[in-house]
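Participant: Give me the fold of what follows.
(4 chains)
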2 protein chains.
Amino acid sequence: MSARPEPRPLSPRASEIVAAARELLEEQGRDALTMRALAERLGIRAPSLYKHLPDKAAVEVALIERGFVELGDALHAAVADSAPSHVVANLLATYRKHALANPGLYRLATSGALPRQRLAPGLDEWAGTPFYLAVGEPHLAQALFSFAHGMVILELDSRYPDGSDLDRTWAEGARAFSSLSP
Amino acid sequence: MSARPEPRPLSPRASEIVAAARELLEEQGRDALTMRALAERLGIRAPSLYKHLPDKAAVEVALIERGFVELGDALHAAVADSAPSHVVANLLATYRKHALANPGLYRLATSGALPRQRLAPGLDEWAGTPFYLAVGEPHLAQALFSFAHGMVILELDSRYPDGSDLDRTWAEGARAFSSLSP
DNA sequence: AACCGTAGGCTAACGGTGTTAGCCGGTCAA
DNA sequence: TTGACCGGCTAACACCGTTAGCCTACGGTT
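Facilitator: Presented below is the predicted three-dimensional model:
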């Protein structure tokens, strides 16, 4: 098991900014994450933020990195703790739970173009390896991950018809993929 | 088979605007779809657009509706033309092909909050019913659709590692879901 | 003790966004 | 002929990310 890539460390003040950004993101959504709003929450003015971080993308990158670390930790733990017969189900349940608990961060990290160049190298792949560990075959793992992401992002965006029994939908997906894994 | 919900009709000039918006969207991406850029392409100024459409969201709604109609048509046709043993594979192939052929429109229609209130009622559900027709069970259908969307949106956003063999990943997913459908 | 560099605030401003208010010319019907 | 309205226009507003440049307070050096 390869070591977890670590995000580049931030100065203490930059960490405070990123923490405030996360609150703003989760409390009021992606559109509310504004340099001016972020500064106001810290009691300063927007241009002062640029003394600590180069631009808004850097704030987002820091948030995304933290999101991947937390999600990856949760998924690795889920796989490590699961009996083989329940790995897939447990992995999916963990994925869903974590994403729904941090919707703003999940969306930020997984929708739209990823600034891969600026991310800690290998971090996103590390966060995804539990899917491979769960099913033991790379393409099936990718398919399972795609299913999980599709489920989560559609749920977050309220794309399912009202009254959908998503628990059952997840269960059907788990059944489909479990039937192919060893 | 229920009839296809029709988007509310637009005035001729509004249709021209939406057509130009689509070109802009596909040629230069979502961020380039700007009221000023859109107006310029039509040889007018941005505020004049508001004589024909109430706001930018109306432009997007019109685009999304057209996207759903086209995608739904393609998927319904794919299901109608497929032998039962190949329905799932054909449906997925059609979904992928259509989405990759219209990436800007697909992203616009499926990522982020959907202004359901403003969409032609039932249109998005109609576009999704081929998944039900293909597998014959609503939860499995929802899971299959989620898989397809996850695959497409991750491919569009270049989220898979370089060199991924996505054809095989799609095939694995098709295999997983086919193994559960009648 | 005097100095100086720097860290970290600030205001003003620029170009971009969606959008509104208000003006004005042309067309077409009464 | 007149009047309504369609569909352009300019000016402007509030917000966005971002830059330039100023200023103050503090820590270390001479």
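Participant: Tell me which residues touch the most centrally placed residue in chain A, please.
Facilitator: Centroid-nearest residue in chain A, with C-alpha atoms, centre = their mean: residue A:106, separated by 4.1 Å. Residue A:106 sits next to A:67, A:71, A:98-99, A:152-153, A:156 when contact means C-beta atoms under 8 Å, 6 or more residues apart in numbering or on different chains. Yep, even glycine has a C-beta here, placed from its N, CA and C like the rest.
Participant: Same question for residue A:69.
Facilitator: A:4, A:7, A:123, A:127.
Participant: Give me the neighbour count for the last one.
Facilitator: A count of nearby residues for residue A:127, using other C-beta atoms under 10 Å in any protein chain shown, gives 23.
Participant: My guess is it contacts residue A:72. True?
Facilitator: Yes - between residue A:127 and residue A:72 there is a contact at 3.4 Å, judged by C-beta atoms under 8 Å.
Participant: Quick check: pLDDT value at whatever residue of chain A ends up closest to chain B.
Facilitator: Nearest residue of chain A to chain B, counting by C-beta to the nearest C-beta: residue A:150, 2.7 Å away. The model reports residue A:150 with a pLDDT of 98.
Participant: now swap in the one 3 residues further on and tell me
Facilitator: The predicted local confidence for residue A:153 comes out at a pLDDT of 98.
Participant: ok, now how distant is it from residue A:107?
Facilitator: From residue A:153 across to residue A:107, the span is 7 Å (C-beta to C-beta, to the nearest Å).
Participant: Then residue A:175?
Facilitator: 27 Å.
Participant: now swap in residue A:177 and tell me
Facilitator: For residue A:177 relative to residue A:107 (C-beta to C-beta), the value is 24 Å.
Participant: Going by how many neighbours each has, rank these two and give me the top one.
Facilitator: Between residue A:177 and residue A:107, counted using other C-beta under 10 Å, the more crowded position is residue A:177 (31 against 21).
Participant: where's the more buried one, which helix or strand?
Facilitator: Assigned by DSSP states H and E, residue A:177 falls within helix A:166-178.
Participant: At the contact with DNA strand C, which residues of chain A appear?
Facilitator: Those residues of chain A that sit near DNA strand C, judged by C-beta under 7 Å from any atom of the strand, are A:11, A:13, A:39, A:43-45, A:47-48, A:51-52.
Participant: can you do 10 Å?
Facilitator: A:11-14, A:16-17, A:35-36, A:39-40, A:42-52 (C-beta under 10 Å from any atom of the strand).
Participant: Of those, keep whichever come out buried.
Facilitator: Burial by neighbour count, judged by 16 or more other C-beta atoms under 10 Å in any protein chain shown, picks out A:14, A:17, A:35, A:39, A:49, A:52 from those.
Participant: For residue B:57, state which of the residues you listed is nearest.
Facilitator: Among these, residue A:35 lies closest to residue B:57 (C-beta to C-beta), at 24.3 Å.
Participant: my guess is that closest one contacts residue A:49, does it?
Facilitator: Yes - using C-beta under 8 Å, residue A:35 is in contact with residue A:49, at 5.8 Å.
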